[in-house]
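Colleague: sequence and computational prediction follow.
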Amino acid sequence: MGKTSQFLKRQGIEISLRRYGIDALGAMAQGLFCSLLIGTILDTLGTQLGLDFLVRVGEYASAMSGPAMAIAIGWALKAPPLALFSLATAGYAANALGSTTLDGGAGAGGPLAVLFIAILAAEAGKAVSKLTKVDILVTPLVTILVGVGLSALLAPAIGTAATAVGGFVMLATDLQPFLMGVVVSVVIGVALTLPISSAAICAAFGLTGLAGGAAVAGCCANMVGFAVLSFRENRWGGLVSQGLGTSMLQMGNIVKNPRIWLPAILTSAITGPLATCVFHFQMNDPAGGVAAGMGTCGLVGPIGVYAGWVADVAAGVKQAITAMDWVAMALLCFLLPGVLSWAFGLLFRRLGWIRPGDLALD
């Protein structure tokens, strides 16, 4: 083992796709959920109920999204305390500068900028941690200077790139609603079930509008789909843990028999274009798309859709919340995912592709 490898191991620095692409990304989504998304929910509730206190609390929570994401990433990377706490500044800078583009316009790259920059700042802080007798000065200084410096250099470019990618996906969905409805719904739904963060992906690229609606449909197809599909094995506990928790619980079973995923995937391929072409179902939550990748986890997806309706009505781009809006939400988020996944599952059970016990949770 070379000196560099020994040094990295001693400082707890693990350079791997799992550490950065799964652990850090998943933690970032949790930080985003505990700040911006909760803040949006509280803001919406406060506005609807006329409670100014909830509105203010929501605003405070939303304002802390950058530090919350960065600290969550640092926690996932096992950063020592001095580096971990210093990431609050790095996260704030990365989120603020990543939310702009190179030409000074509004961008959607705040979360993506935080992901990259917080990882680099955390690893820099870990690299110098406890190497000197004045660690209480060195580690925070290095972490903050690296974080803020990289934010100034890279965050606006990341914001521009993320905005361009997100804008392309949303434009393509508007121009080709059927094809992109299928693609977005299936891809984001699959990401939801994989051990990566669909919420972070949607937030990173600011997926809203029809693309956001297709993403919601795909996530609900996986969560409600697996909950209903596995009901005979897991009963009510499985229905709640997957329908309101996460379909990721099925990953171990998917590895053993990938065909158990087909009912949810096929369902998302149907509900996605229904969302874009038939119901014109849009996700315009003020949180910038993060709720689009949450599905029915804690009912965050439907709540985000509702928050978007409220924001659109307040902005004058939507006249009112209609009965058809509620019908579309009920069908796309709950009824169709359950019915279609159950029907596909029945077919595949008869074909022998899904065997008794294949969907049982430990």
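Modeller: Perfect, I can see it now. Residues are numbered from 1 along each chain as shown.

Colleague: tell me the mean pLDDT over the one helix or strand residue 48 maps to?
Modeller: For residue 48, the host element (DSSP states H and E) is helix 38-49. The average pLDDT for helix 38-49 rounds to 82.

Colleague: now do stretch 88-96
Modeller: Here the average pLDDT along stretch 88-96 is 95.

Colleague: same check, this time on stretch 188-208
Modeller: The average pLDDT within stretch 188-208 is 83.

Colleague: that one spans what distance, first to last residue?
Modeller: In stretch 188-208, first residue to last residue: 13 Å (CA to CA, to the nearest Å).

Colleague: do stretch 290-302 as well
Modeller: So stretch 290-302: terminal residues 12 Å apart, CA to CA.

Colleague: start the count at 32, not 1, going forward
Modeller: In the new numbering, first residue 32, that becomes stretch 321-333.

Colleague: re earlier: I'd like the next helix or strand past the helix holding residue 79.
Modeller: helix 83-94.

Colleague: now that following helix against helix 69-80, angle please.
Modeller: Using axes from the mean of the first three to the mean of the last three CA atoms, to 10 degrees, one finds that helix 83-94 and helix 69-80 are set 160 degrees apart in direction.

Colleague: buried residues, helix 83-94. List them.
Modeller: 85-86, 88-89, 92-93 (16 or more other CB atoms under 10 Å). All C-beta spots, glycine's among them, are computed from the backbone N, C-alpha and C.

Colleague: just stretch 284-298 next, same as before
Modeller: Neighbour-count burial for stretch 284-298 flags 284-285, 291-298 (criterion: 16+ other CB under 10 Å).

Colleague: tell me the average confidence for it?
Modeller: The pLDDT scores in stretch 284-298 average 95.

Colleague: in the stretch 182-331 of the chain, which spans are strands?
Modeller: Counting by DSSP state E, counting those that start in this stretch, the stretch 182-331 of the chain has no strands at all.

Colleague: residue ranges with poor pLDDT in it?
Modeller: 319 (pLDDT under 70).

Colleague: please redo it, this time with the cut-off set to 80
Modeller: Scanning the stretch 182-331 of the chain for pLDDT under 80 picks out the ranges 226-228, 231, 235, 317-321.

Colleague: for it, which segments count as helices?
Modeller: For the stretch 182-331 of the chain, the helices defined by DSSP state H, counting those that start in this stretch cover 208-224, 229-236, 240-260, 262-271, 282-287, 293-304, 331-346.

Colleague: reformat those as CSV; add distance to residue 108.
Modeller: Below are the helices of the stretch 182-331 of the chain laid out as CSV (distance: least, CB to CB, whole Å):
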stretch, distance to residue 108
helix 208-224, 21
helix 229-236, 15
helix 240-260, 27
helix 262-271, 32
helix 282-287, 22
helix 293-304, 31
helix 331-346, 25
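
Colleague: and of these, who's closest to residue 127?
Modeller: Closest approach to residue 127 among the helices of the stretch 182-331 of the chain (CB to CB): helix 229-236, 15.4 Å.

Colleague: list the buried residues for the closest one?
Modeller: For helix 229-236, by 16+ other CB under 10 Å, it's 229-236.

Colleague: and residue 241, how far is that from residue 322?
Modeller: Separation of residue 241 from residue 322 (CB to CB, to the nearest Å): 15 Å.

Colleague: more neighbours: which of these two?
Modeller: The residue with more neighbours, out of residue 241 and residue 322, is residue 322; 36 against 25, by other CB atoms under 10 Å.

Colleague: check contacts around the more buried one.
Modeller: 68, 71, 230, 233, 247, 314, 316, 331-332, 334-336, 338 (CB atoms under 8 Å, 6 or more residues apart in numbering).

Colleague: how far does stretch 55-71 stretch from one end to the other?
Modeller: 23 Å.

Colleague: in it, what's buried?
Modeller: 55-71.

Colleague: for the contacts of residue 322, which one is nearest residue 37?
Modeller: Residue 37 lies nearest to residue 230 out of those, by CB to CB, at 37.1 Å.

Colleague: apart from its chain neighbours, what residue comes closest to that closest one?
Modeller: Spatial nearest neighbour of residue 230, excluding adjacent residues (CB to CB, 6 or more residues apart in numbering): residue 324 at 3.7 Å.

Colleague: residue 233 is in contact with that neighbour, correct?
Modeller: Yes: using CB atoms under 8 Å, residue 324 makes contact with residue 233 at a distance of 3.7 Å.

Colleague: give the residues shared as contacts by these two.
Modeller: Joint contacts of residue 324 and residue 233 (CB under 8 Å, 6+ apart) are 219, 246.

Colleague: list of residues touching the helix holding residue 79?
Modeller: 82-96, 316-318, 322, 331, 334-335, 337-338, 341, 345.

Colleague: let's see 10 Å
Modeller: For helix 69-80, the external contacting residues (CB atoms under 10 Å, 6 or more residues apart in numbering) are 63-64, 82-96, 99, 316-319, 321-322, 329-331, 334-335, 337-342, 345.

Colleague: the inter-axis angle of it versus helix 331-346?
Modeller: Orientation check (the same axes, to 10 degrees): helix 69-80 against helix 331-346 gives 50 degrees.

Colleague: separation between residue 259 and residue 274?
Modeller: Using CB to CB, we find residue 259 at a distance of 8 Å from residue 274.

Colleague: cool, and residue 97?
Modeller: Residue 97 is 32 Å from residue 274, by CB to CB.

Colleague: among these two, which residue is more densely surrounded?
Modeller: When residue 97 and residue 274 are compared for neighbours, residue 97 comes out ahead with 32 against 24, by other CB under 10 Å.

Colleague: what does the pLDDT read for the more buried one?
Modeller: We have a pLDDT of 93 for residue 97.
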